[in-house]
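K.L.:
A predicted structure for the sequence below; I have some questions about it.
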Amino acid sequence: MLGLAAGAVVLTAADVWFERQNFARRFGSGNQWAGAEWCYFGAAWLSVISGQLVGLWLWWRAPRNPTGRWLWLAGGALGLFVWADYWRSPWAPVVVGLAVCAIRPALAMAVLGWPTGRPSARGRRWIIGYGVASVVLTFVTALFSGDRTPDGWPASPLHLWANTGVFLVLLGVGTWVTLLGAIAAAVVLVRRRLNVPPAARRLLTPVVIGGVFIAGSDIVTVLLSEVASPFLSTRSGQVSVLGAVNLTQNYGQVAVAAVALFIARTHRIRSMPVGMRRTHLDLGVVGDDRSPTETLRSLLRDPTASVVYPWAGDGWIRSDGAVVAADRSDRVITPLVDDAGDRMAGLDVDGSRAPHPLLLEVAAADITARLSNERATALARARRSELMALQQSLLRATDEARRRLERNLHDGAQQRLVGVALAARLAVRSGSIEAADDLRGELAATSDELVSLIESDVPPVLADGLVRAVITVAATAAIPVKVESFGDLEGSDPLAQAAWFIIAEAVTNIVKHAGATNARIRFRVDADQIELGIIDDGCGGMDETPRTIRDRVTDGHGSVQLTSPAGHGTEIQVHLPRLVGALR
Amino acid sequence: MTRRAVSAAVALLAVVCVVEMVVIAWRRVVLEDAAHTGMFLAIMVVIGQGAGLVMTWRRPGSRGLLVQMTALTIPLSVAGPASYGLVLVWLCTAPAPALLVLSWPGIAGHRLRRFVDVIALVVVTSGLGFVLLDRASTGGGIEDALRPIATSVPAHAALVVHAATLGMVVLVTGLCAAAALVRSSPANRRVLWPVVLPGVVWSALMLLSRILDHGDPMAMFGKPALRVARFDPSTLDLLSAVAAGALVAGIVWLELVLPRLEHTRQGIETRVFADADVTSYLTRALGDPAVDVRYPGADATTWISVDGRETVIADGPERATTTVSQRGRVLAAVTYDAALLAEPETVELVLTAAARAIAAEHQTATASADVGAARELTSRLLTATEGARAQLQRALRDGPIRSLSETAQQIGPGPITAAVADQLSDIATDVRRISRGLLPPELEHAGLRAALPGAEVRTGHRFASPIEITAYLAATEDPAARIDETDGMLVIQLGTPPTDPDLRDRIAILGGGIAGAVVTLPVRG
């Protein structure tokens, strides 16, 4: 790294020296550009030096960030171009061609890749493709230029054939490549600026402005020179309109990029060391950003608008996890769907304001890149609310069961036992023999009452029926468990208790042993039987149904079927005949 | 595919038109100034065609074709009657800007658009008819086609129909566009004015131009044209062409430059539905494949990943950590190659750019962790409930039920013994103990004060059942507990912090809190 940087410094110094030599030679000699010479040459020199120095500075400050290297390379290529342009050698066109072809891709890497210096994979592919196309077109075009090149290139080994027709066509293609590349870069930058949340704009704005200016200079130059050049004055020795634009395009681009990058880097947040290998960075207000809902409200000027997310079938939730009421005739929700047509979010707006469909599309584009996290947060909050509601109802059911049992014991078995004990004492005193039979009967009845109390005690989780109990079990599982139910059973139904036990046991096994990422519970309550299906996408390979489940099924006179191919999940199918209980 | 082919054909036609314009300029058929302007307009035509092609290629159902047609109307303004082909193109594409404006959502209703479509068809047909009739009567040569000299009455009639119907289309467009802008809400204007403004200007200039240029009814009878204006009406043609160019620019801005997603039948389609993943962004940006991002957990000592799972920061001599905070609140800890410490600017730039994504992921991580905690709590509650129930059933089976059975067996054929009577008293006491162990009946009937005679209960109010039961269970942990009601909270002061995990869970579920030996419960539950 140090060697590279030293090499870069030496090259930059050499570049400065060459430029100085060039300047002295050209300024003194006088040529066709005479009067405007100082302007062109000064601009070129300034551009090369600023690109090289700012590039080096960025490189030195952040060696792992390639931005500095790209800028340095662009400056160097420009220097090479300026130098080789006046190099009296047949190889000069080759050097000029290579140097010119290197400038734009290097600038694109620096500007489009800001602040990382590493554009996305797609961006990188396009820039490399553009660079390669430029090189190929430049040299293939040169092959056909012969001696009759419009700008008077010296004859060189590169110019093999003189074919004006092919040359002009290739020149036209090359122009279009430049034009389309510049338009694409400008559009990418403008869209990026519009897409970037306000928080990061400060860091990007100078580079976006600089980048658009660079691309704009290319577009204007191409259009003016290709379409309107016959009508624009280009008198020698004077700075013409075309000349000024050319000046910006040829020599100013690197300087503009250098200034933009230099300014942009000052907009970063500084970190401070807080210990060994530890630093701290305070975002201050930079991390503050409008939420998607706030953005939507601002765009639509509708203070009631909000971004909502799909929840539980056809329902919607807000970003805070609150469920959106279904019966709102004055509201319109426009869904945002993914490739498969699944709803990912919705724009909930006031129907009476009738927002323009395009405005909704613009708003959707503005917020779409920020929805994923908010959606995950909203879903988590809604799930938490759901769990809290389940906790509350479970707690209430538990307390109610406890109270009921206490009442039943207190008013039933306890009173009866006190009476029996009193009767026994009286019988002891009287020595009655008949009382023994009565007492035996009373004791058996009390015992039966206690047993019946135990047996009729419904687990609190089943207090609101089987479906609710299964939902509770699914909600407490560490993996997503989907519940599909057809019909329900009262919690007091022994079959409901058996089904719930089987499901709870199966879900526990899936979470603990199956290594599954998703599970599904399906149950159907028919008039004569209930069917249960517990399916997971785990490792499979189970030889037999867990004994606890098998025992429960056997107790209920049902049947169980296990399908568990290794590596393809497990499916447990249970059928329990309905002997008691009624369809709810 | 068909639309794309048509679009390519129109673009080809435009190229032919531009070449024609260049030839006209080159041959000095028109004045030099006009040739310059023509070149300028040629650029607009080329750009318009390019934009229209891109629009159609990306979305065949879009307005790309209309944009191309609108761009095609531009050349005639200058080249004008000098070229037969350009006249034909212009006559047929003249209503395109109007159709483009009216096709924009929110400007015209469906019926009106249908009506204008029909009129536009008449415009195109009459234009085409004029050219054919004129050609038939003059035997070729269009140089003077648009001038009011005698060709044939049918040809002139076709031209008049063309002018009249085009005028109608232009008038309707202008009025509709202006009305749409006036009645739209300020928010909607943002996406209307780039279309409406050039549309209105175009229609005004077109109308004025038609009135001044071809509005002379006498012209069709071969008499000299009346000069109703002193300036050259062709200026208006040029300006209307520029307005059409501005219209194309407005549409291109809205359709191609402004980021937007497309409406489909199901809604607005969003292909990318993912926030910038902070870890992968930092991995790319810092060039370190082992970058690790962690978010603070519920307490200050733990760290969680974005999915809310507890995790540890990978530490070591070769790793460095930057904590990111906002207003004193830690948002994340980023661990990376320690060699990057030598170049803080690299890390600073990247973290500044990722600031918002970090803040958003922090929120997601916290919410996910909350869900995890709630799920665990529910699971514990479920287990505790079932455990307590099983324990109670065991206590009844192993206690009173078994004792009753044993006692019944002791009762012989003779009189009942005192031992049996004593055992029955014990069983009754046992049952009473078990039932009181559940909950005292006083709690339900008379509230906390009655249920906790040993405790200092300073409130006589009744509360929701779960609150009372929780307060009762908390207070039974310390016989000298003190219960008070302040600021909507039930405050239970204990000697020592409550240790029973089930009780702690109950308090959490009810939204209460434990601070040392003080338990607070919200009165409203």
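P.N.:
Alright, I've got the coordinates.

K.L.:
A:Pro577 contacts A:Ser559, doesn't it?
P.N.:
No - the pair A:Pro577 / A:Ser559 is not scored as a contact, 9.1 Å apart, by C-beta atoms under 8 Å. Backbone N, C-alpha and C define where each C-beta goes, glycine included.

K.L.:
need the strands for chain B, in chain order.
P.N.:
Here chain B has its strands, by DSSP state E, at B:262-263, B:268-269, B:292-296, B:303-304, B:310-311, B:319-326, B:329-337, B:456-457, B:482-486, B:489-493, B:513-515, B:518-522.

K.L.:
Need those strands in a markdown table (columns: distance to chain A).
P.N.:
Shown next, in a markdown table, are these (distance: least, C-beta to the nearest C-beta, whole Å):
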| stretch | distance to chain A |
| --- | --- |
| strand B:262-263 | 6 |
| strand B:268-269 | 5 |
| strand B:292-296 | 12 |
| strand B:303-304 | 12 |
| strand B:310-311 | 13 |
| strand B:319-326 | 4 |
| strand B:329-337 | 7 |
| strand B:456-457 | 19 |
| strand B:482-486 | 18 |
| strand B:489-493 | 16 |
| strand B:513-515 | 15 |
| strand B:518-522 | 12 |
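
K.L.:
tell me the most buried of the ones you listed?
P.N.:
Highest mean neighbour count among those (mean count of other C-beta atoms under 10 Å in any protein chain shown): strand B:292-296, with a mean of 23.

K.L.:
Could you pull up the mean pLDDT of that one?
P.N.:
What strand B:292-296 shows for mean pLDDT is 91.

K.L.:
Do a quick rundown of the strands in chain A.
P.N.:
Ranges of strands in chain A, per DSSP E, are A:271-275, A:278-282, A:306-311, A:315-317, A:331-337, A:343-350, A:481-486, A:519-525, A:529-536, A:559-563, A:570-577.

K.L.:
now chain A, which segments are flagged as low pLDDT?
P.N.:
Within chain A, the segments meeting pLDDT under 70 span A:1-5, A:8, A:11-12, A:15-41, A:88, A:145-165, A:195-200, A:225-247, A:285-289, A:579-584.

K.L.:
Look through it and tell me its longest helix.
P.N.:
Assignment by DSSP state H gives helix A:371-408 as the longest helix of chain A.

K.L.:
from memory A:Ala74 sits against A:Leu58, does it?
P.N.:
No - A:Ala74 is beyond contact range of A:Leu58, at 11.9 Å (criterion: C-beta under 8 Å).

K.L.:
so the closest residue to B:Arg319 other than its chain neighbours bridges to which residues?
P.N.:
Leaving out its chain neighbours, the residue that sits closest to B:Arg319 by C-beta to C-beta, 6 or more residues apart in numbering or on different chains is B:Thr335, at 5.2 Å. For B:Thr335, the beta-bridge partners are B:Asp292, B:Thr321 (DSSP bridges).

K.L.:
and residue 447, what does it touch?
P.N.:
Because you didn't say which chain, this covers chain A. Contact partners of A:Ser447, counting by C-beta atoms under 8 Å, 6 or more residues apart in numbering or on different chains, are B:Ile401, B:Leu404, B:Ser405, B:Ala408.

K.L.:
I was thinking of chain B, sorry if that wasn't clear
P.N.:
Applying C-beta under 8 Å, 6+ apart, the residues near B:Gly447 are B:Gly460, B:His461, B:Arg462, B:Glu468.

K.L.:
just wondering, since we're on the closest residue to B:Ile416 other than its chain neighbours, how far is it from A:Ala92?
P.N.:
Nearest residue to B:Ile416, sequence neighbours excluded (C-beta to C-beta, 6+ apart): A:Ala427, at 4.6 Å. In this view, A:Ala427 and A:Ala92 are 130 Å apart by C-beta to C-beta, to the nearest Å.

K.L.:
Compare these two (neighbour count), which wins?
P.N.:
Neighbours were counted for A:Ala427 and for A:Ala92 using other C-beta atoms under 10 Å in any protein chain shown; A:Ala427 has more, 21 against 18.

K.L.:
residues from the stretch 1-150 of chain A in reach of chain B?
P.N.:
Within the stretch 1-150 of chain A, the positions lying close to chain B (C-beta under 8 Å from any C-beta of the partner chain) are A:Arg61, A:Ala62, A:Pro63, A:Arg64, A:Asn65, A:Pro115, A:Thr116, A:Arg118.

K.L.:
Can you read off the backbone torsions of the last one?
P.N.:
Looking back up the chat, that one is A:Arg118. Dihedral pair for A:Arg118: phi -120, psi 100, per degrees, to the nearest 10.

K.L.:
isn't it right up against B:Leu286?
P.N.:
No - using C-beta under 8 Å, A:Arg118 is not in contact with B:Leu286; the gap is 9.5 Å.
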